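Novice: Okay, sequence plus prediction incoming.
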Amino acid sequence: MDEAEAATEWARDGVGTKLPLFERFSDADVRALIEAHPLAWVCAGEGAAIDASLLPLIPIFDADGQLVELIGHMMRSNPLHAALQRDPRATILFSGPDAYVSPEHAGRRDWAPTWNYAQLRIGTEIVIDAGLTEYSLKILIDAMEAGRPEPWEVDELGPRYHAMLERIIGFRARVTGLSGKFKLGQDEGAETLHRILAALDGDAVTGWMRRFNAGR
């Protein structure tokens, strides 16, 4: 199969739906992307009334490893807070590492430049819940501080912690739909792929390229 054929190849998922090449991914890929890149755009509203904020989110998975919800918090003064109270539906956008790929990287002058990237688009219904505020902070801090020689804890803030809690509010984003695109060189011939990997060695995107081209 040549590169042009690979780019238009289709496969079937577990329920028989045809998926384009770059839209084939697993629950494990979803987990890896979100856990490595937890800062996401949370977008609510429609048209000119859209409100959006970058917020760090912690994923929750069911027993089968499928993403079922995301936990986060925001300032009560954030316009997104009011928008979600009017309409709880929101789209959440996660973006992984990306890289411009030049014909120089591919070692081919007859090859067009491209961009490799990984992304997730998640439809949600958001439940704003003051009772989740402290929990949302705890799981985020635990995740971000994990592995540090001396992990920071909220108790170190002293009285400031409780003053801060009054200004923020937690929420739970229940997943209603999920799509993604992982454009990571799956359509390239093996020789071109390995030249690109060698040229981009050390770039954050190459780990994902290897993940999606294992065995090639």
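Specialist: Arrived safely, thanks for sending. Numbers count the residues shown, from 1 in each chain.
Novice: switch to C-alpha atoms for all contacts and neighbour counts from now on
Specialist: OK.
Novice: All the helices of this protein, in order from the start?
Specialist: For the chain, applying DSSP state H gives helices covering 3-7, 27-36, 79-86, 103-106, 133-145, 160-165, 190-199, 205-211.
Novice: contacting residues around the second one?
Specialist: Under the contact criterion Cα atoms under 8 Å, 6 or more residues apart in numbering, helix 27-36 has outside partners 58-59, 65-67, 94-96, 120.
Novice: How about the third one?
Specialist: Residues from elsewhere that reach helix 79-86 (Cα under 8 Å, 6+ apart): 43-45, 51-53, 74-75, 90, 126, 128.
Novice: Which residues are in contact with the residue most central in space within the chain?
Specialist: In the chain, the residue lying closest to the centroid (Cα atoms, centre = their mean) is Phe94, at 3.0 Å. The contact partners of Phe94, by Cα under 8 Å, 6+ apart, come to 33-34, 37-41, 119-121.
Novice: ok, now with 6 Å
Specialist: 40, 119-120 (Cα atoms under 6 Å, 6 or more residues apart in numbering).
Novice: Show me which of these is closest to Met144.
Specialist: Taking Cα to Cα as the measure, Ala40 is the one of these closest to Met144, at 15.0 Å.
Novice: Near that closest one, how many residues? Count them for me, please.
Specialist: Counted with other Cα atoms under 10 Å, residues neighbouring Ala40 total 20.
Novice: cool, and the one 5 residues further on?
Specialist: For Gly45, the count of nearby residues is 18 (other Cα under 10 Å).
Novice: and the end-to-end length of stretch 21-28?
Specialist: For stretch 21-28, the first-to-last residue distance is 17 Å (Cα to Cα, to the nearest Å).
Novice: any chance you could map the strands in this protein?
Specialist: 10-12, 18-20, 39-44, 51-56, 58-61, 67-75, 89-101, 114-128, 168-183 (DSSP state E).
Novice: Which residue is most remote from the mean position of this protein?
Specialist: Extreme point of the chain relative to centroid (Cα atoms, centre = their mean) is Pro159; 34.2 Å.
Novice: For that residue, give its distance to Glu166.
Specialist: As for Pro159, its distance to Glu166 is 12 Å (criterion: Cα to Cα).
Novice: now swap in Ala143 and tell me
Specialist: Noted for Ala143: a distance of 23 Å to Glu166, by Cα to Cα.
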